[in-house]
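Engineer: no sequence for this one, just the structure:
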């Protein structure tokens, strides 16, 4: 059977699928479908259901117990047409390109989906969306990670399963260590994916960089350790200056001069930040952060345009890092 079908029939098929999807497990009575989807006869409805089953692989069950009704089991690959303007298409195409970049294990899936979609979308908006995706990702590095590990981790998150992972940290002995953890979430920050994971007796999650996970196994026999009441991944991860999240506990005040002052003023470095202009060429950046080490490294990256006003512990960290850098570069 050919897929060359009229626009009127496409609209009718779309309305039928949307109605079946909306009603879910309870199904839809035949008379309701005839009235809601503009069918002139039961025979026409049966022809459409046959087309969805045979041409598009949809699974639609007929429940005979009175009153007779149809129930959608699986939608198949019929494309539910949407009303998309140029901006919608640009957002869709750009988002698909970025997903393939930031989720490397899904690159082939994104490319396959793109092949299926592009024939239905206008060319000019497609080109602009592709360009936008490339400009956003071309200079953004993403650390390598095992795609199979990431997929198993996401499934464990959905199923609330404990996991066991083999992990190698670049700090300390750099030996493989095995951790038993409850995955509470994942997040992307500063060119890498990270796992937030809990342990029995700990209210705050540990942070594990996924590029350092060598193997991951689910542990369905262990009870899942749920996050504490009131835990919010968004609030927890937003507290980080770069990567290290946690409860904010350090108040910092930094003196910033030009040209770095302009860059700082136009950038949201931290959700708690406040900026106070001192004069035309300087400002004070204040924030409350969980980790001083990351701020110290950022200050060195902005040298010599940032100096520490508070706290003195941060000033000492900056001096120590600067001394070690001088030692290695003399």
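Structural biologist: That came through, no problem. No experiment lies behind these values; they were computed from the predicted model shown.
Engineer: could you give the average pLDDT over the host helix or strand of residue 34?
Structural biologist: Per DSSP states H and E: residue 34 is located in helix 30-36. In this model, helix 30-36 carries a mean pLDDT of 90.
Engineer: with stretch 220-240 instead?
Structural biologist: Stretch 220-240 comes out at a mean pLDDT of 86.
Engineer: start and end of that stretch, how far apart?
Structural biologist: 32 Å (Cα to Cα, to the nearest Å).
Engineer: could you give me the buried positions within it?
Structural biologist: Judged by neighbour count (16 or more other Cβ atoms under 10 Å), stretch 220-240 contains these buried residues: 225, 227, 231, 236-237, 239-240. C-beta coordinates here come from the backbone N, C-alpha and C atoms, glycine included.
Engineer: which residue ranges form the helices in this structure?
Structural biologist: 7-23, 30-36, 42-56, 86-102, 107-118, 123-137, 147-159, 233-238, 260-265, 292-301, 312-328 (DSSP state H).
Engineer: which residues of the stretch 51-200 of the chain score low on pLDDT?
Structural biologist: 78-84, 118-125, 136-140 (pLDDT under 70).
Engineer: do that again at 80, thanks
Structural biologist: Confidence mapping of the stretch 51-200 of the chain against pLDDT under 80 gives the ranges 65-66, 75-94, 101, 104-107, 110-143, 171-173, 190-191, 200.
Engineer: out of the buried residues of stretch 220-240, who's nearest residue 71?
Structural biologist: residue 227 (36.3 Å; Cβ to Cβ).
Engineer: what's near enough to touch residue 184?
Structural biologist: 157, 196-198, 205, 227, 231, 233 (Cβ atoms under 8 Å, 6 or more residues apart in numbering).
Engineer: in a markdown table: the residues you listed, plus distance to residue 268.
Structural biologist: Formatted as a markdown table, those follow (distance: Cβ to Cβ, whole Å):
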| residue | distance to residue 268 |
| --- | --- |
| 157 | 28 |
| 196 | 22 |
| 197 | 28 |
| 198 | 29 |
| 205 | 24 |
| 227 | 27 |
| 231 | 24 |
| 233 | 19 |
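Engineer: among those residues, which are in strands?
Structural biologist: Mapping the contacts of residue 184 onto strands (DSSP state E) picks out 196-198.
Engineer: who wins on neighbours among these?
Structural biologist: With neighbours taken as other Cβ atoms under 10 Å, the top of the ones in strands among the contacts of residue 184 is residue 197, carrying 25 neighbours.
Engineer: please report how far that one lies from residue 150.
Structural biologist: 14 Å (Cβ to Cβ, to the nearest Å).
Engineer: what of residue 304?
Structural biologist: 40 Å.
Engineer: with residue 60 instead?
Structural biologist: Distance from residue 60 to residue 150, by Cβ to Cβ: 34 Å.
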